[in-house]
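Undergrad: my questions are about this predicted structure, shown below with the sequence.
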There are 2 protein chains.
Amino acid sequence: MSQDTRGRIVDAAIQLFNERGVAAVTTNHVAGHLKISPGNLYYHFRNKEEIVREAFDRMNAEADEVWRLESTETSADTAKPPAVDPMALQRMLVGNLKLYARYLFFARELPSLLRSDPVLHQRYAAVSAKRVDQLESVMRPLVSAGLIHSVGDNEDLRTLVESAWMVGLFCIPYAETLDPTPAATSAKARAKRTHAAIERGALLVLHMFKPYMDALAYTALVVIVRTELEKLTLA
Amino acid sequence: MSQDTRGRIVDAAIQLFNERGVAAVTTNHVAGHLKISPGNLYYHFRNKEEIVREAFDRMNAEADEVWRLESTETSADTAKPPAVDPMALQRMLVGNLKLYARYLFFARELPSLLRSDPVLHQRYAAVSAKRVDQLESVMRPLVSAGLIHSVGDNEDLRTLVESAWMVGLFCIPYAETLDPTPAATSAKARAKRTHAAIERGALLVLHMFKPYMDALAYTALVVIVRTELEKLTLA
């Protein structure tokens, strides 16, 4: 029950953060939303920062699932060459964009959240570096197998992967800079905007790999990603 | 003299915003820094928001210089085909990154500044769309002349240009997400970090054009941009 309350607090906080932005939400708002006493909330979390960190840890645990490599699942033998997994790029891209949509406040407010909480910043920086490494690990066997070609040397691959990560990471705040519609519109209008931002972001990321792929493989990848994202329903 | 005070207020505010972040700086801090009375400051600006807008307008006027196309300078005849200007990409990239360094608070805090000021958001969205159009206008004759090749159709060019704009725009906040060193270090340490973020951002942007350029032209472009950025001194 106590564990359950803790989870419900994080659920409610994520919902309110997504709707109103982190700065506008207090622990009292979260308690009020759940119809629990502020004292009950403080039994679980000392302050808003701790709730944000818990939400990040949860997002990160979900991301670990998305980023789990097929090769490490099916083989305990680390000496084996990594598996060629042509769908990995699609899985990671769509999986990560879905997480950005669910933890929208995080995608929107990342830099300011990190600036205001050094503990979160440490955790995030470590995770971010790991994700770029993982993305590189997934791409490398595709390069070796010739499915991604003409990339150049290791440094080129790293640069490509880092740019792709960055475009995915900032696609939602970027779309918001272009759209001066007041944020205080309906939940439906907000969901539609987020969806459009994610679809555009996915296309921008995929397009970075286009010069390194056969035309047919690229087209297939775009279709698959579009289809996956159409299934995405936003709260 | 009054006009001069107005300019000095904006200068001081930019400096303090860059050092401490916009949220931590009040109009009283700005007045105190200039050793003028708060009343004198309020004669020129009603609030901090107005100073931020003025700083944006100033940055934008400087950006207009950077983004001025050679072709529109030398020819009043709009029916003429746009000039092929192989250095335009370099000039716009370096020029814009220099502006991000000078107006660092803007580069770092863009999404939250726009969220908190709908007037600024309107202005920024219009400017941002214009810049992507300008970048496209500069690239199109390079594509026609074959200096940028195999891009695909107009939609491909637009996608490439938009991704490049976005990577440049977010290279400083991105670098900060990776570096959890406390921001309250020395001015010298901060300048060094900004410099590294800009150099990395420039490389990421250039690398997006690599598949579409001859190897020699790409190498030359990287060397030129690196040399230009080395000359950059940060306050």
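TA: On my side now, so go ahead.

Undergrad: can you give me the helices in chain A?
TA: A:2-20, A:27-34, A:38-44, A:48-67, A:70-74, A:88-102, A:104-116, A:118-144, A:154-178, A:187-209, A:215-230 (DSSP state H).

Undergrad: is it true that A:Pro118 touches B:Pro180?
TA: Yes - counting by Cβ atoms under 8 Å, A:Pro118 does reach B:Pro180; the two are 6.4 Å apart. (Glycine included, C-beta is placed from N, CA and C.)

Undergrad: just send the helices of chain A back as a markdown table, with mean neighbour count and distance to B:Ala88 too.
TA: Shown next, in a markdown table, are those (neighbours: other Cβ atoms under 10 Å in any protein chain shown; distance: least, Cβ to Cβ, whole Å):
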| stretch | mean neighbour count | distance to B:Ala88 |
| --- | --- | --- |
| helix A:2-20 | 17 | 41 |
| helix A:27-34 | 17 | 50 |
| helix A:38-44 | 14 | 56 |
| helix A:48-67 | 17 | 39 |
| helix A:70-74 | 13 | 44 |
| helix A:88-102 | 21 | 32 |
| helix A:104-116 | 22 | 30 |
| helix A:118-144 | 17 | 31 |
| helix A:154-178 | 21 | 21 |
| helix A:187-209 | 19 | 22 |
| helix A:215-230 | 14 | 28 |
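
Undergrad: if you average pLDDT over each of those helices, which comes out lowest?
TA: Ranked by mean pLDDT, the helices of chain A bottom out at helix A:70-74, with a mean of 51.

Undergrad: now do whichever residue of chain A sits closest to chain B, the pLDDT please.
TA: Residue nearest to chain B within chain A: A:Pro211 (3.3 Å; Cβ to the nearest Cβ). pLDDT recorded at A:Pro211 is 97.

Undergrad: give me the neighbour count for it.
TA: By other Cβ atoms under 10 Å in any protein chain shown, 22 other residues sit near A:Pro211.

Undergrad: hmm, A:Ser150 and it touching each other?
TA: Yes - with contact defined as Cβ under 8 Å, A:Pro211 counts as touching A:Ser150 (7.4 Å).

Undergrad: shared neighbours of those two, which are they?
TA: Residues touching both A:Pro211 and A:Ser150 (Cβ atoms under 8 Å, 6 or more residues apart in numbering or on different chains) are B:Pro211.

Undergrad: what's the nearest residue to A:Gly201 if we skip its chain neighbours?
TA: Once flanking residues are discounted, A:Gly201 sits nearest to A:Cys171: 2.5 Å by Cβ to Cβ, 6 or more residues apart in numbering or on different chains.

Undergrad: just A:Asn47 next, same as before
TA: A:Thr27 (6.7 Å).

Undergrad: run through who's touching stretch A:40-59.
TA: A:2, A:5-6, A:9-10, A:13-14, A:17, A:22, A:25-27, A:30-31, A:34, A:99, A:102-103, A:106, A:113, A:116-117, A:119-120, A:123-124.

Undergrad: so how far is it off the chain centroid?
TA: Its chain's average C-alpha position is 19 Å from that of stretch A:40-59, according to Cα atoms, centre = their mean, to the nearest Å.

Undergrad: please apply the same query to stretch A:99-109.
TA: Per Cα atoms, centre = their mean, the centroid offset for stretch A:99-109 relative to its chain is 7 Å.

Undergrad: quick one: is it near chain B?
TA: Yes - for stretch A:99-109 and chain B, the contact criterion (Cβ under 8 Å from any Cβ of the partner chain) is met by A:108-109.

Undergrad: now the helices of chain A as TSV including distance to B:Ser144?
TA: As requested, those are arranged in TSV below (distance: least, Cβ to Cβ, whole Å):
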stretch	distance to B:Ser144
helix A:2-20	45
helix A:27-34	56
helix A:38-44	62
helix A:48-67	42
helix A:70-74	44
helix A:88-102	32
helix A:104-116	38
helix A:118-144	32
helix A:154-178	26
helix A:187-209	21
helix A:215-230	22
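
Undergrad: which one of the ones you listed lies closest to B:Val222?
TA: Ranking these by proximity to B:Val222 (Cβ to Cβ) places helix A:154-178 first, at 11.1 Å.

Undergrad: next one: the closest one to chain centre, how far?
TA: On Cα atoms, centre = their mean, the centre of helix A:154-178 falls 12 Å from the chain's centre.

Undergrad: list the contacts of the residue of chain A closest to chain B.
TA: A:Pro211 neighbours (Cβ under 8 Å, 6+ apart): A:150, B:150, B:211-212.
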